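[1] give me coordinates for this.
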Amino acid sequence: MEPCQDIMMWNVPVQFPAHLTPYPSQSSIMQKCLFSFERKHNCLIESPTGSGKTMALLSAGVSWLNSYKIKRRQSKKECKVHGCSDQKKSSKVKGEQDESDFFEEDCTEEYDDDDSRTSITSGIPGKENSSYLASLLSNILASGPENNLKKMGSLKKEEVPCTCLGKVTIYYATRTHKQIAQVIKEYKRLPFGYGHDLKHTILGAREHSCINQEVKRDPKGVSAACTEINKKGSVTKCAFKENVMGTNGQFMDVRKRLRESYQMPIWDLEELVKFGEDTKSCPYYASSVQFAKDADIFFCPFSYLVDPIVRENGSANPKNAIIILDEAHNVEDVCRGSSSFEFSEKEIIHSLNDLFEKLKTLDYEIRKAKINSMGELNKQKEYLTGLLTFMKQFLEFFRVFGDEVDKSPEKFGSKGKTYLMKSIMPIFVKCGLSQYTTSLKVWAEFKSIWSNSINAQEEEGSEEGSKAGNSKKTSSTLENAKPFSLTIVCIEKFIFFAKYLMEDTESYRMHFSMEKSKTPYDLFHMDHQHTNRFANQSDFYGDSNSSSLMTTSLITESGDGIMNEINSIAGKEYIPIKSDYIVKMQLWNMDPATSFKDAFAEARSIILASGTLSPIDTFTSELGTPFKSIVQGDQVIPREQIFACAVQSGPSNRPIIATYSEMKSVIPGKPTVLAELGALILDVCQIVPKGVLVFTSSYNTMDSLFEEMSKVKTMSKIKALKLVLKEPRNGKELDQVMSDFKEAVADPKSVSRTCTGAIMFAVFRGKISEGIDFADDLARCVISVGIPFPNYTDEQVVEKKKYNTINKQAKNVLSGDDWYKIQAYRALNQALGRCLRHRNDWGLILLVDKRLADIQRQANHPDKYKISKWVVDNLATFGGYGPFKKGMSDFVQKRLEADAVNDGANH
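    Next up, the predicted model:
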C-alpha cells in the first residue's frame, strides 16, 4: 500500500496515491463516476492508455463504496425496524467484532440476498416469498380470534418502514484474466483492502485456479472432472476442496488466514493459487464460493456478468451493483455473442440418446427395487421424460431445416441459408416448440424440470429409502440418472434462447449450415462431458481415441442370420442428415441490448471505459441504455513525444488505397499498391529502432503483402534490419511468437549483426490488436494499413446491416451503413492504441491510406472524429512523401537524444 491523499469530490474523500497529482482526465473520470454512483446514472469514459484510467476508476469506485458503507451502518443503527436497541447492544459478547459484515445480515430483502434469509425461504419448495407470505396470512385468518389478534398485532409492527440503505457491491470486469491481474496491482496501491473496510474476490474459471493435478490431467477437462469428483456419492472427493470446506459443511476462514498468516489481504489469482498449493486449499472454491459471500468488490471477466449461462451458474449478482466494464470497446459484440446460440446435429442426437439411456436405466432400477413409488426416483423419471420429449421435438425441428438446406447449391464444400424467425415459426408450432417461446408459464415449468433433473438428490429422512434399507443405493441411482454435461448445456442454451426470443422475436436470425469435414468425422462418437457453450470447437468435431468417447450402436439380426451393427439414437437407427458433413444451426441475435439489459437492468450504475470507445455516441442506441455522462480524456503524453500522420502514398507517390480492387489494380509505370506499401515499411524500418507493428485487415492481405514484398526484394532488405514475425492464426502459438519478438527487441544483435529490432505483422481484431501491451521499445511505431471494415460477405454482417436499417426508426438504432462504418473505425482505434502506453513513452503512429489522409485535410469531414480524439489532435500534415520521411527521421533522432540525456541523468 502506498501513502494516499484525500481529495474531496462530491462530499466523498477520494483516496489517491499521495505522490501523484491527478491528470485532468483522471479528475474528470473521478468526478463523473462519483456523480453517476450517487445519482444512479450510467457513464461512458474514453481515456487513452497511459492516462491513469484504471487508477481513477478504482479510486472513485472504492472510495465511494467505503463512504457508502459508513452511511449504511449509520442507517442500520437509526432504522426503527432493524436498529440495535440498548438491550441488544449490552448483550453483545465482550470482545465481539463490530465489523461492517454484521450489518449485511438483517436489512431489507429488497436489496440483500444474504445467506441467512435465503436459507429460510429456500425451504419452501416452489414458492416465491410473496406466495409464502400470502399463505402465512391465510393461516392467520383461519385461526382463532385470540391468536388472530396477536398475530395481526405483530404484523402491524412490521408495517413500520425500514430505512436501511441497501447493500451495494462493485463488479470490476475486464476482457481477460491477465487484465484482472493488472487491475489488482493498481488496487493494491489503495488502502481500503488492508483493513476490514472492503473485501474483494476474483471470479474465474476452474481452468485458471485448479491445483488438483489429477483433475487437470483428466481428458474430460477441468470443469467436468471437478464437478464429477465432487458430486454427491463420489468415492474420491477432492481433498483441496474439502480443506476449504472444512468439516460439517462449514468453511474454514481462508480470508483470515491469507490476511494474518500470509500478510496478503489483497491478492491476485496467481497469488491465491500459490497460497492454495502451499496450504492444500482449493483456490476456486475459496474465491468463487467462500469469498463471494461477503465480498464488496468482485473482479471478473465480462462473461461472468454478460453471458446468461455463466451468470446463472456463477456467483455474480449485478442487482443494485456498480458495474465497471473496462476495455469495453467491443462490449456490443460480446453482448450479441452472449445472446446467440449454436447447436450441432452431433450435440443434439447425443443429448437425446443420453436422456433415453438414463431413463431406460432408471426405469429398470425402479422395477428391480419392486417398490411402486420410490419418491425421488419417480420424480427424476418424470423430469427425464419431459426433457426427452423436448429433445425429440428439437431434433425433429432441426432435421426439417437440415433436409431443406441439403437441397441448396454447394459452394466451396459448404451449404447455408439464413432465415428470419417469423418465417420459421410455423415449423416451431408444428414440432411443438412454440409453447416454450410464447408462454412464460410453460417456459418456467420447463426450466424447473431441467433444473430439478440435474439437482436431483434423495430427501433427508426419506421414509421409502429407509424402509427399503437402500438409501445409499437410491442416492447412487439418482446421481447416475443425472444428464451428462453435454445434455445439460444443450438444453440450457435453448432455455435462454427461448427466453430472449419471447422478449424480441424480430432480433433473431437462424443460420443453418453444413460443411464438409476436413478431418475424419464420426457422428456417432461423442465425449459426453463436452461442456462448451458453442458447438463449433474443433475438438468437438474431430474423431478421437479417448476412453471417454462412446459409440452409439445397436446390434440387429439380418434375414440371413448375420449380426449387423447399425448406428442407433434413442433405440432406433439414425440416418445422418448428410454423411461426413458438420451440420449446425446458429441462432444469431442482432440486438446487443437484449443481453445487456438482461444483465444490468437492476444495476445501480454502469460505467463503460476504454482507451478507444470512439465513435462514442453509438453505445446508447446499440445497448438500449441511457448514458447521461460522457468523459473523453486528453492524451497525457506530451505532443513532442508523439508523431502521428495519415500517409497517402509511398516513396514512388503511388496512392495507397487498401481495398481489394485497388490492391489488384495496375498503373503503368507505377509499382503496385502492395509494393508501394512495402517500400514505405522498409523506410520505417531503416529509421525507427526496436519494435514496429503493422496491422492489416486480414490474413489474406498480410499474405499478399508478404508475397509482393518478396517478389520485389523488399522483404530481404527488411529482414536485414528486423526479425520479421507474423501473428499466428493458431492462438496457441502466440506466446512463442511474442517471446521471439521481445527477445529481438531487447537484444537485436542476437538476431544478426545488422538487426535493429523486430517487426510484427498482425491483423485488426486479432489478439495482438486487442489486448497486448507494447510499451516503450516494443512499439516505437504502429502502422495501420487501410480502414478495417468487416467482411461484407460474412452472412452475420449482412444480416446485422439489414436489421439496423429496418429498425433505424422504430428502435432508434444506427443505420446498417453507419453501424458497418463504426465497426471499422473502432477496430482501427484499438490497433493504434498499442503504441504509447505511459507518460514517458514515445512513438510514431502512421495511418496508411489515401482515404484517411483526405479525411484529415477536411476540417468538417463527418468521419474525422470516428478516429480517437487524441490521435486526431496530434495528426501532422506534410507536403509530400519527402517532407514526411524527413519529419519522421527528425522526430526519432530527437527522441533518441532525449532518451540518452535522461539515461545519463538517471545514472
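
[2] low pLDDT regions in the stretch 401-550 of the chain?
    By pLDDT under 70, the low-scoring segments of the stretch 401-550 of the chain are 457-472, 526-550.

[3] what about the strands in it?
    Using DSSP state E, counting those that start in this stretch, the strands of the stretch 401-550 of the chain run over 414-420, 508-516, 525-527, 549-551.

[4] got TSV for those strands, with distance to residue 632 too?
    Where you see a C-beta, it was placed from the backbone N, CA and C, and this is true even at glycine. Formatted as TSV, the strands of the stretch 401-550 of the chain follow (distance: least, CB to CB, whole Å):
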stretch	distance to residue 632
strand 414-420	38
strand 508-516	34
strand 525-527	49
strand 549-551	54
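
[5] nearest to residue 321 among those would be which one?
    Of all those, strand 508-516 sits nearest to residue 321, with 28.5 Å by CB to CB.

[6] who does that closest one pair up with?
    Sheet pairing for strand 508-516, assigned by DSSP bridges, gives strand 414-420 (antiparallel), strand 581-589 (antiparallel).

[7] buried deepest among those, which one?
    Among those, strand 581-589 has the highest mean neighbour count (mean count of other CB atoms under 10 Å), at a mean of 22.

[8] list of residues touching that strand?
    336, 339-346, 398, 401-402, 497, 500, 507-517, 521, 535-536, 541, 576-577, 595, 796, 799 (CB atoms under 8 Å, 6 or more residues apart in numbering).

[9] got it, and stretch 323-330?
    Taking CB under 8 Å, 6+ apart as the rule, stretch 323-330 contacts 53-54, 57, 61, 170-175, 179, 183, 302, 305, 331, 600, 603, 605-613, 770-771, 826, 829-830.

[10] report the buried members of those.
    53-54, 57, 61, 170-175, 179, 183, 302, 305, 331, 600, 603, 605-613, 770, 826, 829-830 (16 or more other CB atoms under 10 Å).

[11] pLDDT below threshold where in this structure?
    84-158, 232-235, 246-251, 369-374, 457-472, 526-566, 906-907.

[12] care to break it down by domain?
    Per automatic domain parsing, the structural domains of the chain span 1-11+32-86+99-119+135-182+297-339+600-633, 207-293, 341-459+467-591, 636-901.

[13] endpoints of the last one, how far apart?
    The one in question is domain 636-901. 21 Å (CA to CA, to the nearest Å).

[14] would you check how far apart the residue nearest the centre of the chain and residue 313 are?
    Nearest residue to the geometric centre of the chain (CA atoms, centre = their mean): residue 303, 2.6 Å. For residue 303, the distance to residue 313 equals 11 Å [CB to CB, to the nearest Å].

[15] check residue 697 too.
    Residue 697 is 37 Å from residue 313, by CB to CB.

[16] which of the two has more neighbours?
    residue 697 (24 against 12; other CB atoms under 10 Å).

[17] to residue 242, which of the strands of the stretch 401-550 of the chain lies closest?
    strand 525-527 (27.7 Å).

[18] looking at it, residue 7 is touching residue 13, isn't it?
    Yes - using CB atoms under 8 Å, residue 7 is in contact with residue 13, at 7.5 Å.

[19] any idea how far residue 429 is from residue 393?
    11 Å.

[20] more crowded one of those two?
    residue 393 (17 against 13).

[21] is it true that that one touches residue 434?
    No - applying CB under 8 Å, one finds residue 393 not in contact with residue 434, separated by 10.1 Å.

[22] what about residue 695, distance to residue 759?
    Residue 695 is 12 Å from residue 759, by CB to CB.

[23] which residues do the two both contact?
    Common neighbours of residue 695 and residue 759 (CB under 8 Å, 6+ apart) do not exist.

[24] tell me what the helix or strand encompassing residue 902 is packed against?
    If you go by DSSP states H and E, residue 902 is part of helix 881-906. If you count contacts as 3 or more CB pairs under 8 Å, 6 or more residues apart in numbering; DSSP states H and E, helix 881-906 packs onto strand 642-647, helix 673-687, strand 843-848.

[25] repeat the analysis, applying 7 Å as the threshold.
    Helices and strands touching helix 881-906, by 3 or more CB pairs under 7 Å, 6 or more residues apart in numbering; DSSP states H and E, are strand 642-647, helix 673-687.

[26] and the first one, which strands flank it?
    If you go by DSSP bridges, strand 642-647 pairs up with strand 843-848 (parallel), strand 875-876 (parallel).

[27] could you export the ones you listed as TSV, including mean neighbour count and distance to residue 474?
    Formatted as TSV, these follow (neighbours: other CB atoms under 10 Å; distance: least, CB to CB, whole Å):
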stretch	mean neighbour count	distance to residue 474
strand 843-848	26	68
strand 875-876	18	74
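
[28] redo the ones you listed as a markdown table? Include distance to residue 618.
    Formatted as a markdown table, the strands paired with strand 642-647 follow (distance: least, CB to CB, whole Å):
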| stretch | distance to residue 618 |
| --- | --- |
| strand 843-848 | 21 |
| strand 875-876 | 23 |
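
[29] which stretch among these comes nearest residue 382?
    Nearest of the strands paired with strand 642-647 (CB to CB): strand 843-848, 63.7 Å.

[30] run a quick neighbour tally on residue 816.
    20.

[31] and the nearest residue to it once chain neighbours are set aside, what does it touch?
    With sequence-adjacent residues excluded and distances taken as CB to CB, 6 or more residues apart in numbering, residue 816 is closest to residue 801, at 3.3 Å. Contact analysis of residue 801 by CB atoms under 7 Å, 6 or more residues apart in numbering lists 816, 819, 820.

[32] so the second one touches residue 802, yeah?
    No - contact criterion CB atoms under 7 Å: residue 819 and residue 802 do not qualify, at 10.6 Å.

[33] give me the more crowded residue out of those two.
    Per other CB under 10 Å, whichever of residue 819 and residue 802 has more neighbours is residue 819, with 22 against 15.

[34] what's the closest non-adjacent residue to the more buried one?
    Counting by CB to CB, 6+ apart, the residue nearest residue 819 is residue 804, at 4.9 Å.

[35] who's in contact with residue 885?
    Residue 885 touches residue 683, counting by CB under 7 Å, 6+ apart.

[36] make sure residue 186 is indeed in a strand.
    No - read with DSSP: H, G, I helix; E, B strand; the rest coil, residue 186 is helix and lies in no strand.

[37] tell me how many other residues surround it.
    Counted with other CB under 10 Å, residue 186 comes out at 17.

[38] biggest helix in the protein by residues?
    Ranked by residue count under DSSP state H, the longest helix found in the chain is helix 376-406.

[39] measure how far that helix is from the centre of its chain, please.
    Its chain's C-alpha centre and that of helix 376-406 lie 30 Å apart, by CA atoms, centre = their mean, to the nearest Å.

[40] I'd like to know which elements it is packed against.
    Packed next to helix 376-406, using 3+ CB pairs under 7 Å, 6+ apart, are helix 345-368, strand 414-420, helix 421-430, helix 440-454, helix 471-480, strand 508-516, strand 581-589.
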